[in-house]
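Visitor: After the sequence you'll find the predicted model.
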Protein chains: 4
Amino acid sequence: MHYRILDPNYEQRVRASFARQAAMALIGAELTGVAPGRCTIELPVRDDLTQQHSFVHGGIVGMIADSAGGYSAYTLMPADASVLSVEYKVNMLAPARGERLIARGEVVKAGRTLSVVRADVSALEGGRETLVAAMQQTLMVMHGMSDERL
Amino acid sequence: MHYRILDPNYEQRVRASFARQAAMALIGAELTGVAPGRCTIELPVRDDLTQQHSFVHGGIVGMIADSAGGYSAYTLMPADASVLSVEYKVNMLAPARGERLIARGEVVKAGRTLSVVRADVSALEGGRETLVAAMQQTLMVMHGMSDERL
Amino acid sequence: MHYRILDPNYEQRVRASFARQAAMALIGAELTGVAPGRCTIELPVRDDLTQQHSFVHGGIVGMIADSAGGYSAYTLMPADASVLSVEYKVNMLAPARGERLIARGEVVKAGRTLSVVRADVSALEGGRETLVAAMQQTLMVMHGMSDERL
Amino acid sequence: MHYRILDPNYEQRVRASFARQAAMALIGAELTGVAPGRCTIELPVRDDLTQQHSFVHGGIVGMIADSAGGYSAYTLMPADASVLSVEYKVNMLAPARGERLIARGEVVKAGRTLSVVRADVSALEGGRETLVAAMQQTLMVMHGMSDERL
């Protein structure tokens, strides 16, 4: 898909915003890729991220999908805008286990007020990737509210 | 709504399962209520749970909604079953800030294989509750897979 | 829940808009209730509304839930606004059969730009109501775009 | 994606099931493509399918997305199984207008009990396609319940 870029400094803006997300630091998530309409977040699997069956908690899987989706949309927003997650819906497809989870977001539609994004989360186990979750999300552009000053 | 209870020890079963969720301990979530078809999870707000605007991260809000919903469904499942989150969809309604978040789940339909649950998340700030998120979720009953042995 | 009414003529506005929905006429849906933050749409079951198992098609169930939800939100919007369905998510809970389906929407949050609504769809069969679907939906307020002129 | 086919007669099975959906005939939907894990449904735009703004009703858009998704999953199911829509979530991306809508489903994960599918709906207007909706859906395999006998 071809995307229209409104702010050439989108990568720096996304990286600065991600660095301010304390919750991403708490779980150990890393921002590993930023491109127009796309964002990748990786999460090294740790014991303290699991649910009762020793797989990564579905809520944590949703968390990195939500962030990867939000920042995918944010790459296409103007410099003076902030991004807000309106809603997301995530399907769990397989147990989230292995060495590392990889959430990849991709913008489906970038609108003036609302954007729609899909993200997939894969688990990397012994060099093999398995799709573990599929997300679809709605984001809102908050014009005139730079992410830094909010 | 009237619910049919298949296992009188549902509360003990839910509490034991919650205690095995390392991810809930990581974020500091507490299981504060268990009743047939219902479950309440509370989360004291901490700085390390926030996103870039200093509100609790939407993914964390989704996490406690997902768990509250899952355990609401689990109260109505047979003793030898385990619960699996198939998918959830959460709308963010207001910034999640204050002293404490409260996620309350309630079963809409308990089926033999699938259950559907709704959960609301409120923020408690200065003694006043504000609705911050609304979730709808599908759960799967894993028959013959006791939660402990999985 | 207590709702703030911005346009005292909300019922007339909703009824006029519903009357312009040709798709509702095609399936035979009837607007049977309008109140602040609430709307009820009923659908007499007909053979030409069914899927392969002779139940009402899930898409038709979603259609009346979508409309009931949208008009629930519309009751709380200003006179010069129009309503747009941003997204909806619907769970099918039981086969939709009987004499009549009843979709009841209820606003969860009415915002300046976005509103969130839940709707339940029941089937009336031999005087007994069964819940057949549960929906959660996001709507957008289109300010300055009267429904009539769009 | 590579899909495993359990019933070589999948196309005939899908076509026979679609032909039994009276609701698809009511709105004039046509099954125009069936392949492993994929299904395409087209809908010539008609005045009696519209909402209050003369665009195709979002519920009708959801209907063809739901059917395209369901039959995409059904292509990969065993011969003696039936398909059930558990839930679907659809984002409206642009007004649905033009000569024809095209809903294309694609299986994301085909499981023994549950399948997850995404579908996109485009509008064809003057030879140009515009994406108007994006759907994500959960389907259930009903083993031992041939679609014909249900």
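Guide: Noted; the coordinates are in hand. Numbering: from 1, shown residues only, chains lettered A, B, ... in the order given.

Visitor: how about the helices in chain A?
Guide: Under the criterion DSSP state H, chain A carries helices at the ranges A:10-19, A:22-27, A:58-74.

Visitor: Reformat these as JSON lines; add mean neighbour count.
Guide: To be clear about C-beta, it is placed using only N, CA and C from the backbone, and glycine gets the same treatment. Shown next, in JSON lines, are these (neighbours: other Cβ atoms under 10 Å in any protein chain shown):
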{"stretch": "helix A:10-19", "mean neighbour count": "17"}
{"stretch": "helix A:22-27", "mean neighbour count": "20"}
{"stretch": "helix A:58-74", "mean neighbour count": "30"}
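
Visitor: Rebuild those helices as TSV, extending it with mean pLDDT.
Guide: Output for those, formatted as TSV (pLDDT from 0 to 100):
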stretch	mean pLDDT
helix A:10-19	96
helix A:22-27	97
helix A:58-74	97
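
Visitor: of all the ones you listed, which lies closest to D:Val107?
Guide: Among these, the nearest to D:Val107 by Cβ to Cβ is helix A:58-74 (19.4 Å).

Visitor: burial count for A:Glu99?
Guide: A:Glu99 has 11 neighbours, counted by other Cβ atoms under 10 Å in any protein chain shown.

Visitor: With A:Glu106 instead?
Guide: Close neighbours of A:Glu106, defined as other Cβ under 10 Å, add up to 18.

Visitor: Now do the contacts for it.
Guide: Residues counted as contacts of A:Glu106 (Cβ atoms under 8 Å, 6 or more residues apart in numbering or on different chains) are A:Met1, A:Gly37, A:Arg38, A:Ser72, A:Val117, A:Arg118, A:Ala119.

Visitor: Just name the closest of the residues you listed to C:Thr50, please.
Guide: A:Arg118 (31.6 Å).

Visitor: So the closest one sits against D:Val108, correct?
Guide: No - A:Arg118 lies out of contact with D:Val108 (Cβ atoms under 8 Å); the separation is 10.0 Å.

Visitor: will you turn the helices of chain A into JSON lines that also has distance to chain B?
Guide: Converted to JSON lines, the helices of chain A look like this (distance: least, Cβ to the nearest Cβ, whole Å):
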{"stretch": "helix A:10-19", "distance to chain B": "5"}
{"stretch": "helix A:22-27", "distance to chain B": "4"}
{"stretch": "helix A:58-74", "distance to chain B": "3"}
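
Visitor: what sits in contact with each of A:Arg118 and D:Val108?
Guide: With Cβ under 8 Å, 6+ apart as the test, A:Arg118 and D:Val108 both reach A:Ala134, D:Arg118, D:Gln136.

Visitor: Okay, the first one and B:Gln136: tell me how far apart.
Guide: In other words, A:Ala134. Relative to B:Gln136, A:Ala134 is positioned 17 Å away (Cβ to Cβ, to the nearest Å).

Visitor: Who has more neighbours out of the two?
Guide: Ranked by neighbour count (other Cβ under 10 Å), A:Ala134 and B:Gln136 place B:Gln136 first, with 26 against 22.

Visitor: for the more buried one, what are its contacts?
Guide: By Cβ under 8 Å, 6+ apart, the residues touching B:Gln136 are B:Tyr88, B:Lys89, B:Val108, B:Val116, B:Val117, B:Arg118, C:Lys89, C:Asn91, C:Arg118, C:Ala134, C:Gln136.

Visitor: Which two among the residues you listed are spaced furthest apart?
Guide: B:Tyr88 and C:Arg118 (14.5 Å).

Visitor: Those two - which one has more neighbours?
Guide: Comparing B:Tyr88 with C:Arg118 by other Cβ under 10 Å, the one with more neighbours is B:Tyr88, at 27 against 21.

Visitor: Tell me, how many residues neighbour the nearest residue to that one once chain neighbours are set aside?
Guide: Spatial nearest neighbour of B:Tyr88, chain neighbours left out: B:Gln137 (3.9 Å); criterion: Cβ to Cβ, 6 or more residues apart in numbering or on different chains. Residues lying near B:Gln137 (other Cβ under 10 Å) number 28.

Visitor: Just confirm B:Gln137 contacts B:Lys109, I think it does.
Guide: No - contact between B:Gln137 and B:Lys109 fails when scored by Cβ under 8 Å: they sit 11.3 Å apart.

Visitor: I'd like the helices of chain A written out as JSON lines, with distance to D:Met142 added.
Guide: What follows is these, written out as JSON lines (distance: least, Cβ to Cβ, whole Å):
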{"stretch": "helix A:10-19", "distance to D:Met142": "44"}
{"stretch": "helix A:22-27", "distance to D:Met142": "38"}
{"stretch": "helix A:58-74", "distance to D:Met142": "25"}
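
Visitor: if we compare the ones you listed, which one ends up closest to chain C?
Guide: helix A:58-74 (13.7 Å; Cβ to the nearest Cβ).

Visitor: Can that closest one be said to contact chain D?
Guide: No - using Cβ under 8 Å from any Cβ of the partner chain, helix A:58-74 stays clear of chain D, coming no nearer than 12.0 Å.

Visitor: angle of that helix against helix A:10-19?
Guide: Here the directions of helix A:58-74 and helix A:10-19 differ by 150 degrees (axes from the mean of the first three to the mean of the last three Cα atoms, to 10 degrees).

Visitor: Quick one: check helix A:58-74 for contact with chain C.
Guide: No - legend: contact between helix A:58-74 and chain C by Cβ under 8 Å from any Cβ is lacking; minimum distance shown is 13.7 Å.

Visitor: Just the CA atoms of that helix, as PDB, please.
Guide: Taking Å, rounded to 0.1, in the frame of the first residue of the first chain, the C-alpha atoms of helix A:58-74 are listed here in PDB:
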ATOM      1  CA  GLY A  58      -3.200 -12.600  26.300                       C
ATOM      2  CA  GLY A  59      -3.500  -9.100  27.700                       C
ATOM      3  CA  ILE A  60       0.300  -8.700  27.200                       C
ATOM      4  CA  VAL A  61      -0.100  -9.900  23.600                       C
ATOM      5  CA  GLY A  62      -2.900  -7.400  23.200                       C
ATOM      6  CA  MET A  63      -0.700  -4.700  24.700                       C
ATOM      7  CA  ILE A  64       2.100  -5.000  22.200                       C
ATOM      8  CA  ALA A  65      -0.400  -5.400  19.300                       C
ATOM      9  CA  ASP A  66      -2.100  -2.200  20.500                       C
ATOM     10  CA  SER A  67       1.200  -0.300  20.700                       C
ATOM     11  CA  ALA A  68       2.400  -1.600  17.300                       C
ATOM     12  CA  GLY A  69      -0.900  -0.600  15.800                       C
ATOM     13  CA  GLY A  70      -1.000   2.800  17.400                       C
ATOM     14  CA  TYR A  71       2.500   3.700  16.300                       C
ATOM     15  CA  SER A  72       1.900   2.400  12.700                       C
ATOM     16  CA  ALA A  73      -1.000   5.000  12.500                       C
ATOM     17  CA  TYR A  74       1.200   7.600  14.200                       C
END
